[in-house]
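> have a look; sequence and predicted model below, questions after that.
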Amino acid sequence: MRLAGRVPQGQALTQAHDSRFKAAFGGDWPWLVGIVLVTLAEFGWWTVSWLAGDAPAPWLFTYLGLGFAGLAVAIAVRFAVCRELPRASWSALIVGTALVGGGASLFLPLKFAIPSEIPFWLDVPLAEAERAMFGLNPWQWLDRYLGWAAVPLDRIYGLWLPLQLLILFSVMLVEPSRKKTRALVAYSLGWFLLGVVAAALLSSAGPIFYDRLMGTQDFQALNHMLDVRGATMALAESNAMWAAYHGNNPGLVAGISAAPSLHVAMSLWIVLAARSLAPRAMPVAIIYFVLITLGSIQLGWHYVSDGVLGSLGMLVIWALAGGIARRSGGLPAGRHH
């Protein structure tokens, strides 16, 4: 007969493990749990794709090294600008960085596997619809009025990954709060739900690869424009990505997908995170979002529709992450920095 008020042994052990976990990571445990779950989902998908022969092995140690290098840079920048050390627990920072590196190492193989699992099908409908809507390919309108901006947009666009990683690690460094949890859960979900799940369902290559994929000359002027304007980063990266795709030999630069635009989605994430955690940085974040959106179209990486889909997807994910953060319990709402 069980005594009244006595906790069963299994439940007591579970509660003890939960208590130790929360004690080890402090208020950062909710977003860590979120990233763990997303990483496990990525690993499960990668395992199936790898066994099917579609996904290559991840560059795990390379991405772990890049992750911890990014964390070190973020700590140095924070100290140089704010004269502050991290307010998050070191255990949370180390585990979180390892999860980010591990998840990133799985992302590239998953992205590379997309056309093998679901062949590119959305390019023709999107290209034809936007040509009918705008009268020209949208990049041509932008080049007509912003041709002078091709080179600066090319450089800004090419530095998107290191910049958003710096911002990610900067968010990880702040004190635990529901706002921080929301931002980091949204970041993790954005990469997986938009960059893997939606990218597979909406399998497409983008204007810069259209002619090579379809054997047409519909976007011949785009590649000529990039060459004449001097958009060297777009040309070099697209050629490396096409070589990896065509030769089935992925490297650190590989994986083609256009819809939805992850560049635009994660740039909007920067705006949302800034509004929540650092409102004074929001005007700069908005300008950056606009520049990435314009660059995604003018440089031929994306159709207009890709950016719209990416933005809408991120707004939905941000709302979802807000609900998750509110249910995490026991955390302060957070304060602006």
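Okay, I see it.
> what's the closest non-adjacent residue to the spatially most central residue of the chain?
For the chain, residue 191 is the residue whose C-alpha lies nearest the centre (CA atoms, centre = their mean; 4.0 Å). Leaving aside its sequence neighbours, residue 191 sits nearest to residue 107 (CB to CB, 6 or more residues apart in numbering; 6.3 Å). Placement of C-beta: from N, CA and C, glycine included.
> hmm, back to that, check what pLDDT the residue nearest to the centre of the chain gets.
What the model reports as pLDDT for residue 191 is 95.
> and for residue 329?
The predicted local confidence for residue 329 is 60.
> likewise for residue 96?
94.
> so residue 194 makes contact with residue 318?
No - taking contacts as CB atoms under 8 Å, residue 194 lies outside contact range of residue 318: 11.7 Å.
> where does the chain dip in pLDDT?
1-24, 85, 329-337 (pLDDT under 70).
> and the longest helix for it?
Counting by DSSP state H, the longest helix found in the chain is helix 90-117.
> which residues are in contact with the helix or strand just after that one?
Counting by DSSP states H and E, the element after helix 90-117 in chain order, helix or strand, is helix 123-134. Contact with helix 123-134 is made by 137-138, 141, 204-207, 210, 213-214, 218, 258-259, 303-306, as judged by CB atoms under 8 Å, 6 or more residues apart in numbering.
> stretch 200-210 too?
114-115, 117-123, 126-127, 137, 139, 213, 216, 218-219, 222-223, 226, 234, 238, 241-242, 256-260, 299-303, 306, 309.
> buried ones in the helix or strand hosting residue 320, by neighbour count?
Secondary structure assigned from DSSP H and E places residue 320 in helix 304-326. With burial defined by 16 or more other CB atoms under 10 Å, the residues of helix 304-326 counted as buried are 304-311, 313-314, 317-318, 321-322, 324-325.
> just checking, residue 297 touches residue 138?
Yes - contact criterion CB under 8 Å: residue 297 and residue 138 qualify, at 5.3 Å.
> pull up the overlap in contacts between these two.
Among the neighbours of residue 297, those also in contact with residue 138 (CB under 8 Å, 6+ apart) are 303-304.
> look at the two and report which has more neighbours.
Taking other CB atoms under 10 Å, residue 297 and residue 138 do not tie; residue 297 has more neighbours (26 against 21).
> who are the contact partners of residue 103?
35, 38-39, 42, 188, 191-192.
> try it again at 7 Å.
Residue 103 is in contact with 38-39, 42, counting by CB atoms under 7 Å, 6 or more residues apart in numbering.
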